[in-house]
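Peer 1: The following block contains a protein sequence and its predicted model.
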Number of protein chains: 2
Amino acid sequence: MPLRTGHGSRRTVRDLRAANRARVLRHLYFHGPLSRHELAGATGLSQASVSNVAGELLDDGVLAEAGLVESDGGRPRVLLRVDPGHAAVAGVDVGETHVLVEVFDLTLTRLAMTTFPVEPGAQSVDTVVRRVTAGLTRCLADSGVERDRVLGVGVGVPGLVEQGPEPLVHAQTTGWDGVPLHRLLAASTGLPLHVDNGANTLGQAEMWFGAGRGARDAVIALIGSGVGASVVADGTPYRGASGGAGEWGHTTIALDGRTCRCGARGCLEAYVGAAGVLDRYHEAVGARPVEVDQERALRDLVALADTDARARAVLEETARCAGAGVANLINTLNPERVIIGGWAGLLLGERLLPGIRAAAAEHALRRSFQRASIDLCELGPESVALGAATLPVAEFLAAGGVRAASATRSTG
Amino acid sequence: MPLRTGHGSRRTVRDLRAANRARVLRHLYFHGPLSRHELAGATGLSQASVSNVAGELLDDGVLAEAGLVESDGGRPRVLLRVDPGHAAVAGVDVGETHVLVEVFDLTLTRLAMTTFPVEPGAQSVDTVVRRVTAGLTRCLADSGVERDRVLGVGVGVPGLVEQGPEPLVHAQTTGWDGVPLHRLLAASTGLPLHVDNGANTLGQAEMWFGAGRGARDAVIALIGSGVGASVVADGTPYRGASGGAGEWGHTTIALDGRTCRCGARGCLEAYVGAAGVLDRYHEAVGARPVEVDQERALRDLVALADTDARARAVLEETARCAGAGVANLINTLNPERVIIGGWAGLLLGERLLPGIRAAAAEHALRRSFQRASIDLCELGPESVALGAATLPVAEFLAAGGVRAASATRSTG
DNA sequence: ACGCCTTACTTCAAGACGTGATTCAAGCGA
DNA sequence: TCGCTTGAATCACGTCTTGAAGTAAGGCGT
């Protein structure tokens, strides 16, 4: 008895209207200014319905007219577009070393940002909540956006987010175990909240505006100090049964291999994570790891590879492992696109991509490999907040341009 | 620009009715006889709508009344159920050694079956098409089902099925490369056809009637001579971009490990597939593999493990590898259930399950592992045809009890 | 300047649907 | 036989989409 009956709203004739509003609105959001006529063709609705729905959306201020296009010998068509100023959203990146808050307009153009550095390992829940709240207030002031024009706040956090009636955050690195960040922030900001794994939000940013545009089945593979992935299946992010999907880094690629910080042996992360790569180099040259900035160390290693054979060998091995890992993704998920990102991924990517592709070709089944492209992220690792801001927008679009009830505002 | 506008039908007010018919029908199909009253509660529809919809479905003969239940002191409630005799479906298992055709009633009770042995390696497309057609004709005769009462034919084939406007079958083992089996069988049977990977159809059988009942996110891991998996995400089978999802067997678990028949090194299949297990034993004892029945050989090996340390070691290693493979599934997909099947999986399973669980616990992230159960299939490896028969039924349910237009019958 | 043509958009009447309230049906107990 | 309770059908109402008919807005030829 699968296929749960799923109370997927659409039951009454009004839900139908909501769905059609969403149809029109979403198409307009992603496919730019369009006339009512084109919209009818694209959405499959009749012109009459498009006119009705568009009229409503114009009245609500969600859409705006965007100029005329002359049609040869007839009445010019009026272009419609989503009004960027209709509402704003906030995106937050709760990272291991900083808290970044950004405010965007409805089309996700950035209006303001604020960063707080965080002493590593010192992210108490309380601190994070205070910083987010403060950052949000400051960003709203800087951008001149009134609080009640904000659709919602998306937050990308490190670690696993268990979605549910009360979403809980579990993060090894910060020692959070079942933190109801959602509730805490909703209380302190008074805005609708969306919390998700930072890897997932970054993945969403790539899907909307980066290398994932237009793809329906994709995996965004993120290589930083650790390694993770964001899985997109049938056009929507896939989180698994309890939010833990995409833990690519702790996938075993070498039985009895190197010990990973998670305690297991042979995890991909132990080979291709920045820490793993540096460790392997230090072992190769017999040197003790110097405690400096990991990013700088990795950059040095890449530079060194031009002249030093041992460094080159470590990087080649990294590409081989990453390629095998990518092949595993391709074999189990058969995506049309694998997108490699994360600061280390981008740092290494330029140089390693051919090697990764070759190794993936070797380990993946031919047909699935051929159908998948392997590329680098286009947006850089700073887009966690942008991706987080995507979440309230997605909800807004799915609701047909109707705002979610906020935490404090009454639902009525 | 993800989230394609997706012409997901529901646009007009009639689509709404169709969706609500599907809602009621599906609930009734999986949750047994229910009264209109209970149905209203479960589907979220008003009693009036349930009455209307149920009335239509009764008129169409899809539903039937199934007795009364006395309600204390009031009018007894009439139970409704899907009429098993309303229609029939066929399921076909195109295996490497046989072609099995079965006919079921609408509730998937088997009415008739026919098997044809196939000389290994001799499955020409032509032969398969002839056998399926003949088997179907015979089964229909045996069960007394008229051809036009058959909703459709589901076919499970070995290898990859690329869904699309014209589904194509690619199978290494039979040498099929882009065979339009769908079209060929539709032409020769004159019935609506559904072709899918046998692993997927078997997975569907487990999801509907076996160990997967009630799960929303699951993986059915199949271990035979080769190794595959069927991925169920959000309640529906996930096929990836081109039907290649779930190729678990060719996932790398040991870089530079054993050579797999796919040509790559370190594939899971080379360790836990029946052939791989037997090879490893033969290498361990230094014996040349005797060419006998693989199933018998594996059974012997399991028996031998009671007394022979080397056999035991091979099986323990198998459990370790399988556990790592399962852990990889858990880490990437975070299912709530991993179900192990396939003839070798079931043969080894009883003995190896504790070892597999232990190894999976070691290699999977704790939280995801805790949320996942690891169990054996309940239906046995013969349920490929049953699962295949599931496909036309699923379509029928999704359409709200309206039959698909057949290949030959006119669409109008 | 005028009329005509083309194209874009809006209005309108018809058909269809779900819902809540109301009415009908069916059994039970006194 | 008469309430009483509960299940199921009917009805009026509001809402929705749609195709067709009507209206707006511009170009072009005379």
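Peer 2: Nice, thanks for sending it over. Numbers count the residues shown, from 1 in each chain, chains lettered A, B, ... in the order given.
Peer 1: What distance do you get for the closest residue to DNA strand C within chain A to B:A186?
Peer 2: Taking C-beta to the nearest atom of the strand as the measure, chain A has A:G74 as its residue closest to DNA strand C, at 1.9 Å. All C-beta atoms are positioned from the backbone trio N, CA, C, and that covers glycine. From A:G74 across to B:A186, the span is 45 Å (C-beta to C-beta, to the nearest Å).
Peer 1: helix, strand or coil for the residue lying farthest from the centre of chain A?
Peer 2: Residue farthest from the centre of chain A, counting by C-alpha atoms, centre = their mean, is A:G73 at 45.5 Å. What DSSP: H, G, I helix; E, B strand; the rest coil gives for A:G73 is coil.
Peer 1: Quick check: the gap between it and DNA strand D.
Peer 2: Distance, A:G73 to DNA strand D, by C-beta to the nearest atom of the strand, to the nearest Å: 5 Å.
Peer 1: List phi and psi for that residue.
Peer 2: As for A:G73, its main-chain torsions (degrees, to the nearest 10) stand at phi 90, psi 20.
Peer 1: Next one: it from chain B, what distance?
Peer 2: 30 Å (C-beta to the nearest C-beta, to the nearest Å).
Peer 1: you'd agree A:A388 is in a helix?
Peer 2: Yes. Assessed by three-state DSSP, A:A388 belongs to a helix.
Peer 1: That one: how many residues sit nearby?
Peer 2: 32 (other C-beta atoms under 10 Å in any protein chain shown).
Peer 1: for chain A, which helix is longest?
Peer 2: Under DSSP state H, the helix in chain A containing the largest number of residues is helix A:309-333.
Peer 1: Report the angle between that one and helix B:309-333.
Peer 2: Interaxial angle, helix A:309-333 versus helix B:309-333 (axes from the mean of the first three to the mean of the last three C-alpha atoms, to 10 degrees): 80 degrees.
Peer 1: give the contact list for A:T127.
Peer 2: Going by C-beta atoms under 8 Å, 6 or more residues apart in numbering or on different chains, A:T127 touches A:V118.
Peer 1: Got the domain ranges for chain A?
Peer 2: Taking automatic domain parsing as the criterion, chain A consists of the domains A:13-82, A:86-203+A:384-398, A:215-378.
Peer 1: what is the rounded mean pLDDT of the last one?
Peer 2: This means domain A:215-378. For domain A:215-378, mean pLDDT is 94.
Peer 1: For it, measure first residue to last.
Peer 2: Terminal residues of domain A:215-378 lie 14 Å apart, using C-alpha to C-alpha, to the nearest Å.
Peer 1: Any idea how far that domain is from the middle of the chain?
Peer 2: Distance of domain A:215-378 from its chain centroid, counting by C-alpha atoms, centre = their mean, to the nearest Å, is 18 Å.
Peer 1: my guess is A:E166 meets A:G178, correct?
Peer 2: No. In this structure, A:E166 is not within contact of A:G178 by C-beta atoms under 8 Å, at 9.8 Å.
Peer 1: need the helices for chain A, in chain order.
Peer 2: Under DSSP H, chain A gives helices at A:13-30, A:36-43, A:47-59, A:125-143, A:181-189, A:198-209, A:269-272, A:274-285, A:294-304, A:309-333, A:343-363, A:366-371, A:384-398.
Peer 1: coming back round to it: tally of neighbours for the residue of chain A closest to DNA strand C?
Peer 2: When neighbours are counted by other C-beta under 10 Å, A:G74 registers 7.
Peer 1: Please apply the same query to A:A319.
Peer 2: 22.
Peer 1: A:R357: neighbouring residues, count only.
Peer 2: Counted with other C-beta under 10 Å, residues neighbouring A:R357 total 18.
Peer 1: Repeat that for the one 10 residues further on.
Peer 2: Neighbours of A:R367 under the rule other C-beta under 10 Å: 19.
Peer 1: which ones are touching the residue of the stretch 151-300 of chain A found nearest chain B?
Peer 2: Taking C-beta to the nearest C-beta, chain B has its nearest neighbour within the stretch 151-300 of chain A at A:G240, 2.7 Å off. Contacts for A:G240 were tallied using C-beta under 8 Å, 6+ apart; they are A:246, B:217, B:333-335, B:368.
Peer 1: and if we set it to 6 Å?
Peer 2: For A:G240, the contact set (C-beta atoms under 6 Å, 6 or more residues apart in numbering or on different chains) comprises B:217, B:333-334.
Peer 1: What residues does the closest residue to it other than its chain neighbours make contact with?
Peer 2: In space, and not counting its chain neighbours, A:G240 is closest to B:N334: 2.7 Å by C-beta to C-beta, 6 or more residues apart in numbering or on different chains. For B:N334, the contact set (C-beta under 6 Å, 6+ apart) comprises A:240-241, A:244-245, B:368.
Peer 1: and of the contacts of A:G240, the nearest to DNA strand D?
Peer 2: Comparing these against DNA strand D with C-beta to the nearest atom of the strand places B:D217 closest, at 32.7 Å.
Peer 1: Looks like that closest one contacts B:V338 (just checking).
Peer 2: No. Look at B:D217 against B:V338 with C-beta atoms under 6 Å: they stay out of range, at 10.3 Å.
Peer 1: Those two: which has the busier surroundings?
Peer 2: B:V338 (26 against 23).
Peer 1: Does that one touch B:V326 like I think?
Peer 2: Yes. The pair B:V338 / B:V326 is scored as a contact, 5.4 Å apart, by C-beta under 6 Å.
Peer 1: Nearest to B:G198, out of the domains of chain A?
Peer 2: Closest to B:G198 of these is domain A:215-378 (C-beta to C-beta; 16.4 Å).
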